[in-house]
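>>> Just to be clear, the model below is a prediction. Sequence and coordinates:
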Amino acid sequence: MAAMGELWTNIGISPDGALGVAVASALLYILYSVVLTLWGPRLFSSSSTLSVALLTVLGSLVARAMLGEFPTLGGALVAATTLLVMEAVIGRLRRFSKPAWARRGPRHKPRVVMIDGRFVDRPQRERVTTDADVLLRLRTAGVRHVNDAALVILESRGGVTVLRSGERIDARLLADVMGADLVPEHLIDARGAESEPSAG
C-alpha cells in the first residue's frame, strides 16, 4: 500500500493541483495565441537563429509553467486535455468572429512585398520581415532569378506566394491582401470576379 501511495505521488495529481494546471494551461494558451497572432508572421518568416531560439524558449517556458511546481503524468494529461479543449472552442469561435484587437491589427494579414522583381517600399513600422528572408523564401520556392517573380505575397503564417512572370492572379485572391492596390493590372485576372453571379 505504501508503494502504491508513493507511485501515485510521482505520477498522480490532487484535485486542487488538477484545477491549478487546467487554469494555468488555459491562460497560457490564450497568451501564447495572442503572441503568435501579433508577432507570428515576423517570427515564422525570419530565418535567423535568434527567432528559432526565441520560439523554442517561449514554448518551453509555457509548457513548464503549465505543469506547476512538480510535473507529473497526471498533470501532463490535464494540461494536454485542457489545450485540446481550448483549441476546439477557440477554433469554433474563430468561424463566427475575431477579437477586436485581431481585426484592428494589420500585422497578421497577408501583404504584397515584391512586384516585378522589386521590393515594395513600406514604412519601417509596417515591415514584418527582412529582404534577405524574402529572398531565402524565393530560393526555397524554386525561383532562380528575382525578375521571374512578378508578384510575391507574404502570407499571414510566414510563407510566401509567388506569381511568376507570364502568370496572372484572380482578383478575388487579392481581396484581403495589404498592398493589393499596388499590383499592376497586367498581373490581375479580373475574369473570375466578372463571372460571379450577381446577388439577387
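Cool, the structure landed.
>>> For the most centrally placed residue in the chain, which three-state class applies?
Geometric centre of the chain, nearest residue: residue 157, 4.0 Å, by C-alpha atoms, centre = their mean. At residue 157 the chain is in coil, as set by DSSP: H, G, I helix; E, B strand; the rest coil.
>>> Going forward, count from 752.
That works, and once the first residue is 752, the last one we named lands at residue 908.
>>> Pull up the per-residue confidence for it.
For residue 908, the pLDDT comes out at 73.
>>> Quick check: the gap between it and residue 924.
16 Å (C-beta to C-beta, to the nearest Å). Any C-beta I mention is one placed from the backbone N, CA and C, and that applies to glycine too.
>>> Show me what the strand or helix carrying residue 808 is packed against.
Assigned by DSSP states H and E, residue 808 belongs to helix 800-817. Applying 3 or more C-beta pairs under 8 Å, 6 or more residues apart in numbering; DSSP states H and E, one finds that helix 800-817 contacts helix 766-796.
>>> ok, back up a step: measure the residue nearest to the centre of the chain to residue 821 for me?
36 Å.
>>> and what of residue 896?
58 Å.
>>> Near residue 888, how many other residues are there?
22 (other C-beta atoms under 10 Å).
>>> Revised request: answer the last question for residue 782.
13.
>>> Then the one 5 residues further on?
Counted with other C-beta under 10 Å, residues neighbouring residue 787 total 16.
>>> Tell me which helix or strand comes right after the helix or strand of the chain with the lowest mean pLDDT.
Least confident helix or strand, the chain: helix 851-855 with a mean of 51, by mean pLDDT, DSSP states H and E. Next helix or strand after helix 851-855 toward the C-terminus (DSSP H and E): strand 862-866.
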